[in-house]
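>>> my questions concern the predicted model and sequence given below.
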Amino acid sequence: MTSTAQAPKSGAGTAHPDHLGHVIFIAAAAAMGGFLFGYDSSVINGAVEAIRDRYDVGSAALAQVIAIALIGCAIGAATAGRIADRIGRIRCMQIAAVLFTISAVGSALPFALWDLAFWRVVGGFAIGMASVIGPAYIAEVAPPAYRGRLGSFQQAAIVIGIAVSQLVNWGLLNAADGDQRGKLMGLEAWQVMLGVMVVPAVLYGLLSFAIPESPRFLISVGKHQRAREILAEVEGKDVDLDARVAQIEGAMKSEHRSSFKDLLGGSFFFKPIVWIGIGLSVFQQFVGINVAFYYSSTLWQSVGVDPTDSFFYSFTTSIINIVGTVIAMIFVDRIGRRPLAIIGSVGMVVGLALEAWAFSYHLVDGKLPAAQGWIALIAAHIFVLFFALSWGVVVWVMLGEMFPNRLRAAALGVAAAAQWIANWAITASFPSLADWNLSATYVIYTAFAALSIPFVLKFVKETKGKSLEEMG
């Protein structure tokens, strides 16, 4: 009762830090994990064809090497929360940075295909950790009045990481005269592409030493004085620090730790709301968005685009991804989650259907006819734009809002696991499906984009403007 009475007096809700720039730096440093998330997810795009050639592997084996990182992602995401609660958020970031660095070096210097796959798993584990710790840390450190804007740094960092990796790949390919296996610094170009990730990984590790531990973690381990100092640093000296500490302690004591058992019920094993969360996660991946980031260079080369040009188109796609993400951040609170998701689905259907149509034409001298080639390229950008301005952001926002408090943590875990599994399924299947029939593959993605529309209309409720407590 004491903490409840004190909470309104803390002034946290209207707190303004004395040095907002410092708080922005803290959030940006933590979001560097998101940058690595995006960079590592996309950098493999530049190495796919070289790996196929160097190790002389078929599409199925190649797909497993590309997709196996997602297994590491799932493990890292599942364990990051417990690790962070035990040793702290900052130590968790530092572990992820070390694993990123080791993975980058190992991936750049593999002596066999299985060796490369192993380092991909290590990097995936670091991605999984970063994907959980970054947003959690920012939410715990950011002043309430700025939490939404600072929280968006993570998603912005991911799409910037994707774009930068594509730009670096393009630059390195040009330096190697357009040959992914061309020599650069004594290595093949694709090895340098994977090795360059050492730079942002080391920067992430160094930045983690420049930012404070989460006050929430410090309070949980009894370091109240240090927590007060950090709260004064990020929320301002006008906040009643004793009341603020009591408020956090009271909230932590009253929290219900949701478990897997809480999700069970209903006619089909899980409660209906859990299935809706799983559905959002699966639809987000089954439209084939990660094909655009893992395989876009391979895709364009398969229809006759010059390798250097294919890398450039991959970069422009990443810029469109950033533009769409900014649009979503502007409108998600203005027009609502459901309308944005439906607009995005309609746009994705158009883009994917045009790609499927263009890819249905026979290649002439190894290339698509000129008209179909341009339509495929424009349609790919339309698809990424509409995904980014809708499902790319909306799903993460809704998964954080839609579950009742008593289910939120466990339900989010299940929905995130479904997303990694769906991501793996699409990533692992694309090369074989493309070898079978590229046009039909895009028809499948178009069908999932179309099915997402009635799914949203029938099952998904609007969460715009509602408090988290109203979701119960």
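That came through fine.
>>> make it CA atoms for all contacts and neighbour counts henceforth
Will do.
>>> the strands in the protein, which residues?
Ranges of strands within the chain are 183-184, 187-188, 264-268, 270, based on DSSP state E.
>>> other SSEs contacting the shortest one?
Yep, that's strand 270 we're talking about. Applying 3 or more C-alpha pairs under 8 Å, 6 or more residues apart in numbering; DSSP states H and E, one finds that strand 270 contacts no other helix or strand.
>>> what mean pLDDT does that strand get?
Strand 270 comes out with an average pLDDT of 85.
>>> what's the least confident stretch among the strands of the chain?
Note on these: lowest mean pLDDT is at strand 264-268, with a mean of 70.
>>> pLDDT weak spots in the stretch 351-472 of the chain?
405, 408-409, 465-472 (pLDDT under 70).
>>> same deal with the chain?
1-18, 147-148, 254-260, 266-267, 405, 408-409, 465-472.
>>> ok, and the closest non-adjacent residue to residue 357?
residue 439 (6.7 Å; C-alpha to C-alpha, 6 or more residues apart in numbering).
>>> one step back: what's the closest of the strands of the chain to residue 114?
Closest to residue 114 of the strands of the chain, according to C-alpha to C-alpha: strand 187-188, at 18.3 Å.
>>> ok, residues contacting the closest one?
Strand 187-188 is contacted by residues 180-182 when judged by C-alpha atoms under 8 Å, 6 or more residues apart in numbering.
>>> quick one: contacts for the nearest residue to residue 231 once chain neighbours are set aside?
The shortest distance from residue 231 to any residue other than its chain neighbours is 6.7 Å, reached at residue 215 (C-alpha to C-alpha, 6+ apart). Residues near residue 215 by C-alpha under 8 Å, 6+ apart: 140-141, 226-228, 230-231.
>>> please dump those residues into CSV; it should also carry neighbour count and distance to residue 306 for every row.
Below are the contacts of residue 215 laid out as CSV (neighbours: other C-alpha atoms under 10 Å; distance: C-alpha to C-alpha, whole Å):
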residue, neighbour count, distance to residue 306
140, 15, 47
141, 23, 47
226, 16, 57
227, 23, 56
228, 19, 58
230, 20, 53
231, 25, 54
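>>> turn the residues you listed into a markdown table, columns for distance to residue 108.
Output for these, formatted as a markdown table (distance: C-alpha to C-alpha, whole Å):
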| residue | distance to residue 108 |
| --- | --- |
| 140 | 36 |
| 141 | 36 |
| 226 | 41 |
| 227 | 41 |
| 228 | 44 |
| 230 | 40 |
| 231 | 42 |
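>>> farthest-separated two in these?
Checking the contacts of residue 215 with C-alpha to C-alpha, the most distant pair is 140 and 226, at 14.8 Å.
>>> contacts for stretch 271-282, please.
Here stretch 271-282 makes contact (C-alpha under 8 Å, 6+ apart) with 263-266, 395, 399, 403, 411-412, 414-416, 418-419, 422, 459-460.
>>> out of those, which end up buried?
Buried by 16 or more other C-alpha atoms under 10 Å: 263, 395, 399, 403, 411-412, 414-416, 418-419, 422, 460, out of the contacts of stretch 271-282.
>>> picking that back up, next step: the contacts of residue 215 restricted to helices.
Judged by DSSP state H, those include 140-141, 226-228, 230-231 as members of helices.
>>> test my guess that residue 338 contacts residue 456.
Yes: if you go by C-alpha atoms under 8 Å, residue 338 and residue 456 touch, sitting 6.8 Å apart.
>>> and residue 236, backbone torsions?
Main-chain torsions, residue 236, degrees, to the nearest 10: phi 100, psi 150.
>>> show me what the lengthiest helix in the chain is packed against.
Secondary structure of the chain per DSSP H: the longest helix is helix 408-459. On a contact count with 3+ C-alpha pairs under 8 Å, 6+ apart, helix 408-459 meets helix 59-67, helix 69-87, helix 272-286, helix 291-294, helix 337-359, helix 391-401.
>>> distance to residue 369 for the ones you listed - can I get that in JSON lines?
Converted to JSON lines, the helices and strands packed on helix 408-459 look like this (distance: least, C-alpha to C-alpha, whole Å):
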{"stretch": "helix 59-67", "distance to residue 369": "25"}
{"stretch": "helix 69-87", "distance to residue 369": "36"}
{"stretch": "helix 272-286", "distance to residue 369": "28"}
{"stretch": "helix 291-294", "distance to residue 369": "21"}
{"stretch": "helix 337-359", "distance to residue 369": "9"}
{"stretch": "helix 391-401", "distance to residue 369": "32"}
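>>> quick one: closest of the ones you listed to residue 199.
Once the helices and strands packed on helix 408-459 are compared by C-alpha to C-alpha, helix 69-87 is nearest, at 19.8 Å.
>>> need the contact list for residue 289.
Contacts of residue 289 by C-alpha under 8 Å, 6+ apart are 384, 387.
>>> and residue 49, how many residues sit next to it?
By the criterion of other C-alpha atoms under 10 Å, residue 49 has 19 neighbours.
>>> test my guess that it contacts residue 298.
Yes: contact criterion C-alpha under 8 Å: residue 49 and residue 298 qualify, at 6.5 Å.
>>> tell me which residues in stretch 59-75 are buried?
Applying 16+ other C-alpha under 10 Å to stretch 59-75 flags 59, 61-75 as buried.
>>> equivalent analysis for stretch 211-224, please.
Within stretch 211-224, the residues scored as buried using 16+ other C-alpha under 10 Å are 211-220, 224.
>>> likewise for stretch 332-348?
In terms of neighbour count (16+ other C-alpha under 10 Å), stretch 332-348 has its buried residues at 332, 337-338, 340-348.
>>> make JSON lines from these and add distance to residue 53 to it.
Shown next, in JSON lines, are the buried residues of stretch 332-348 (distance: C-alpha to C-alpha, whole Å):
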{"residue": "332", "distance to residue 53": "44"}
{"residue": "337", "distance to residue 53": "44"}
{"residue": "338", "distance to residue 53": "45"}
{"residue": "340", "distance to residue 53": "42"}
{"residue": "341", "distance to residue 53": "40"}
{"residue": "342", "distance to residue 53": "41"}
{"residue": "343", "distance to residue 53": "41"}
{"residue": "344", "distance to residue 53": "37"}
{"residue": "345", "distance to residue 53": "37"}
{"residue": "346", "distance to residue 53": "38"}
{"residue": "347", "distance to residue 53": "36"}
{"residue": "348", "distance to residue 53": "33"}
